[in-house]
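> pasting the sequence and the predicted model now:
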Amino acid sequence: MTPRAEASAAAARRAAKSRAALIAAYREGLGLAAIVAICDGAGTSIVAIGEGGANATPAPQAAIAARWWCRNAKDAERVAAAATSRLRRRESRDEAARSSSTTSALAVDDLSAVIESTAKRLRVVLYSDEDICTDAEMIIVRVEEEIERLQRTGEMKSVNQSYRAYRLEATARREKAAPYADWFNKYKANLVRELAAVLRYT
């Protein structure tokens, strides 16, 4: 790979990481809870990750067979518990407990169907990763458009002053200050999180 191609690939990775952080901030602002189906060496389990931990990963990404989101941590726990009971009954009937760290496409579909049908029975609305990403993009675009407007009108001075104040405070504490790009990415994430928090109660 040429130096130019390597630089381009590195830039793409940074952009993807930044976007993922903004989407995570959106989920955190909404206070979403996750329902995750995990397939690993210990078998298959369905767990709920409550509010405040919506960005956590309970297992290596490769072990996550299915993931859904809902607006209430208690609802996530209810769905996970009921879906687990259904899964165990099915495994008992089939005498085929899942023990592989990998799972077939059919098994993934089956797990998703168990979670979806359980949520429907409990009248809990679920959102897929794609649903959340689509909704998050609308908020992210709004934030980026506002930042562009501030840049055009010269109103970014207060933001830049905040960064300078942060650097001075870090120096006073004898800590290494984050580069402006990293600091600004966190600033954007906070804006996304705040907007999502407003939507949470509407």
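Alright, I've got the coordinates.

> ok, the residue nearest the centre of the chain to residue 128 distance?
Residue closest to the average C-alpha location in the chain (CA atoms, centre = their mean): residue 24, at 3.9 Å. Taking CB to CB, to the nearest Å as the criterion, residue 24 is separated from residue 128 by 16 Å. Quick note: C-beta positions are derived from backbone N, CA and C, even for glycine.

> same question, residue 47
17 Å.

> quick one: buried residues of stretch 191-200?
Within stretch 191-200, the residues that qualify as buried are 191-193, 195-196, counting by 16 or more other CB atoms under 10 Å.

> how far does it sit from its chain's centre?
When distances are taken as CA atoms, centre = their mean, to the nearest Å, stretch 191-200 is centred 14 Å away from the chain's centroid.

> could you do stretch 159-175 as well?
Taking CA atoms, centre = their mean, one finds stretch 159-175 lying 29 Å from the centre of the chain it belongs to.

> pull out the buried residues from that stretch.
Buried positions in stretch 159-175, judged by neighbour count with 16+ other CB under 10 Å: residue 163.

> so for that stretch, mean pLDDT?
Mean pLDDT, computed over stretch 159-175, is 94.

> and it, C-alpha only, in CSV?
C-alpha atoms of stretch 159-175 as CSV (Å, rounded to 0.1, in the frame of the first residue of the first chain):
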residue,chain,number,x,y,z
VAL,A,159,-15.7,27.5,21.4
ASN,A,160,-12.0,28.1,20.6
GLN,A,161,-11.7,30.1,23.9
SER,A,162,-13.2,27.1,25.7
TYR,A,163,-10.4,25.0,24.2
ARG,A,164,-7.7,27.4,25.3
ALA,A,165,-9.1,27.5,28.8
TYR,A,166,-9.1,23.7,28.8
ARG,A,167,-5.4,23.7,27.7
LEU,A,168,-4.5,26.1,30.4
GLU,A,169,-6.3,24.0,33.1
ALA,A,170,-4.6,20.9,31.8
THR,A,171,-1.2,22.6,31.9
ALA,A,172,-1.9,23.8,35.5
ARG,A,173,-2.6,20.3,36.5
ARG,A,174,0.5,19.1,34.7
GLU,A,175,-1.6,16.9,32.4
